[in-house]
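>>> sequence unavailable; structure follows:
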C-alpha cells in the first residue's frame, strides 16, 4: 500500500477539525479529502487543487509539496489560524495548502469587503497569520477603525506586492504589532502601474524645475513670515480702529467684540476667524471664551509691514499685482465689515493652481508656474501613454462649481499641443467613471478624498491640488466663507492610502523650497 503524501497525511491528521472556513461555513480535513467544495473563488480553487493532488503518484506529489514546504517554513510553528485576503491566485492557493500542511486552519477572507468588516473578521477568528496584497495592508493599517478591533493574536503578516516604502512598513508594524514579511510580485499589473506613475511624476518634475530657479527656502520662509505679519497687523488695526481689542487687560467674548465693533451680520463669521488667527499667532491673548486686546497698532506700522512683505515678494517670487491686490483689499476692510462695500467676486478665492494671480492666494500666485507646468506635463503624458480602445476620460473639476468651458488652463494647453491625444475632456461629471481626475481640495483630507475617488474607474489616477499650509491672506480676500482648510502633506497621503490608493506621490517633493508655499500636487493611483 503506497504511503500517502504529506498533504493528504496532514488533512487526515486535522480530521474532523475545521480546515477551511469560508462565509461562516467550516470544512474539515476529512471533508476536503472527500471532495466537499466550499463556496467562493479561493475556497473552490483550494478544493480543486486538493482533488488533483490526491490523484498524483507519490513522486509527483512530493515534487508538488516542495513549494508548499517552503511556505510552511515561512509561516512557522503552530498554532496557525491563517486568514487569506487574496483572490484565487496560484500564490494564495499555495499559502492555504501550506497552512493545511502545517496543521493549521485557513480562513478565506473577502478582499473586496470594507476595511472595517475585514478587521472585524480578523478579530473574530483570532487570526495569527494574515496574507494579503501590499496595497490592502497599507489601507488596513491606516484605517481609523483599526483601534476598535483586538488583533492581539496576530503574529505574522505576509504581504505581496512591489517593493514597499519603509514609511509604509513602519506604519503597518506600529499599527498591527506583528512581524511583516514581504513577497515581491515582480511583474504584477500594480507594479507596472506604479512604475508608469512614478515615471510621469519624474517627467513632470523635470518640466517644472525652471519655474523654481533662484527660489530658496530662506527666501520663501522670509516672505511668508512678513506676509503673515502684515496680514495679521492689518486685521488687528481694522478692529482696533473700530474700538475692539485695545485693552490687553480686559477680555471680551466674540459676541461682545462683534457688537462693539458694529460688524454686519454677514461678516461676523469672517471676524470670528480673524479672532482665532490673531490668538493662534500671538497678536492677542485668549483665556477661555474671552479674547484680550493688544497694544494699539498704528497705520504707519501696518504700512511698514506691507513694505517689508513687498520687498521680499519682489525678489523673484511673483508679479506685484498679486500682493498689491491683498494690500488694497486690506484698505477696504472697514467698509466691508459694516456692509458699506459688498464682497465682490474678485474677493472670493479660486482654489486652482492655474488661476490668474489676481484671483488666487498670494503664495499660490508664486507656485502657479511650477504647479501649472507639472500638472500640464502629467496630463499630457497620461493622455499620450493611454492605450485603451476608447479615448482617455478626463474630468477637470471646477472647485467653484461653475462651467468654465473654454477657460485657458494648463490642462487645455497641454491637450491642445500637437499631435493631439485622444481625450474626452469633461468639466462636469456625467455619471460615469473617469481615467484621470484633476481636482482641488476644498475640505479636510478625511472628507475630501473619498468622494473624489468614487469618480475614478479602477486603475484611475487622481491629480489633486491640496492646500498644505495656511494662507492667511485669504482672511482678507476670501470673502465671508471659510477658506479651504490646510493640512500637512502627510495627512493627505494617509487619507488617500486609507481610501485605497496604493501609491501617492507629491510635487514639489518633500524638502523643496516651493513646498513652503503651502500647496502641493498629489498624484495618486487607484488599484
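Alright, I've got the coordinates. No experiment lies behind these values; they were computed from the predicted model shown. Numbering: from 1, shown residues only.

>>> low-confidence ranges, this structure, go.
Counting by pLDDT under 70, the chain shows low-confidence ranges at 1-4, 38, 185-188, 341-359, 398-408, 418.

>>> what about the strands in the stretch 1-150 of the chain?
Applying DSSP state E, counting those that start in this stretch to the stretch 1-150 of the chain gives strands spanning 18-22, 25-28, 81-84, 105-108, 129-133.

>>> please enumerate residues in contact with the fourth one?
Same thing as strand 105-108. 17-23, 38, 40, 42-43, 46, 80-84, 96, 99-100, 121, 125, 127 (CB atoms under 8 Å, 6 or more residues apart in numbering). All C-beta spots, glycine's among them, are computed from the backbone N, C-alpha and C.

>>> for PyMOL, write a command that selects the buried ones of those.
Those of those that count as buried under 16 or more other CB atoms under 10 Å are selected in PyMOL with:
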select buried, resi 18+19+20+21+22+38+42+43+46+80+81+82+83+84+96+99+100+121+125+127
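
>>> the strands of the stretch 1-150 of the chain: which one's closest to residue 484?
Across the strands of the stretch 1-150 of the chain, the minimum distance to residue 484, taken as CB to CB, is reached by strand 129-133, at 33.4 Å.

>>> note down every partner strand of the closest one and its orientation.
If you go by DSSP bridges, strand 129-133 pairs up with strand 81-84 (parallel), strand 156-161 (parallel).

>>> who are the packing partners of whatever helix or strand residue 229 lives in?
With elements taken from DSSP states H and E, the one containing residue 229 is helix 217-241. Helix 217-241 is packed against helix 268-280, helix 299-313, helix 320-331, helix 333-338, helix 362-385, helix 474-477, with contacts defined by 3 or more CB pairs under 8 Å, 6 or more residues apart in numbering; DSSP states H and E.

>>> compare these and report which one is nearest to residue 526.
Among the helices and strands packed on helix 217-241, helix 362-385 sits nearest to residue 526 (CB to CB), with 13.3 Å.

>>> chain center to the helix or strand that the closest one is followed by, what's the gap?
Once helix 362-385 ends, the next helix or strand along the chain (criterion: DSSP H and E) is strand 392-396. From the chain centre to the centre of strand 392-396 is a distance of 20 Å (CA atoms, centre = their mean, to the nearest Å).

>>> not counting strand 392-396 itself, show me its contacts.
Applying CB under 8 Å, 6+ apart, the contact partners of strand 392-396 are 379, 382-383, 386, 409, 411, 421-427, 429, 432-439, 455, 457.

>>> and for stretch 195-202?
Everything outside stretch 195-202 that qualifies as a contact, by CB under 8 Å, 6+ apart, is 377-378, 381-382, 385, 461, 503, 505, 507, 523, 525.

>>> narrow the contacts of strand 392-396 to those in strands?
423-426, 434-439, 457 (DSSP state E).

>>> can you lay out those as a markdown table showing distance to residue 326?
Listed next are these as a markdown table, based on distance: CB to CB, whole Å:
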| residue | distance to residue 326 |
| --- | --- |
| 423 | 37 |
| 424 | 38 |
| 425 | 33 |
| 426 | 34 |
| 434 | 35 |
| 435 | 38 |
| 436 | 33 |
| 437 | 31 |
| 438 | 27 |
| 439 | 26 |
| 457 | 41 |
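
>>> from these, which is closest to residue 282?
Of all these, residue 439 has the smallest distance to residue 282: 34.8 Å, by CB to CB.

>>> how far away is the closest one from residue 454?
12 Å (CB to CB, to the nearest Å).

>>> so which of those two has more stuff around it?
residue 439 (21 against 9; other CB atoms under 10 Å).

>>> contacts only, for the closest residue to that one other than its chain neighbours.
Leaving aside its chain neighbours, residue 439 sits nearest to residue 397 (4.3 Å; criterion: CB to CB, 6 or more residues apart in numbering). Contacts for residue 397 (CB under 8 Å, 6+ apart) come out as 427, 429, 437-440, 452.

>>> can you report how many residues neighbour residue 143?
Neighbours around residue 143, by other CB under 10 Å: 20.

>>> just confirm it contacts residue 498, I think it does.
Yes. Counting by CB atoms under 8 Å, residue 498 is a contact partner of residue 143 at 5.6 Å.

>>> now for these two: what residues contact both?
residue 115.

>>> mind checking how far residue 309 is from residue 56?
79 Å.

>>> then residue 315?
Distance, residue 315 to residue 56, using CB to CB: 77 Å.

>>> neighbour count for these two, which is higher?
For residue 315 versus residue 56, neighbours defined as other CB under 10 Å are more numerous around residue 56 (16 against 13).

>>> got a list of what that one touches?
5, 64 are the contacts of residue 56 under CB under 8 Å, 6+ apart.
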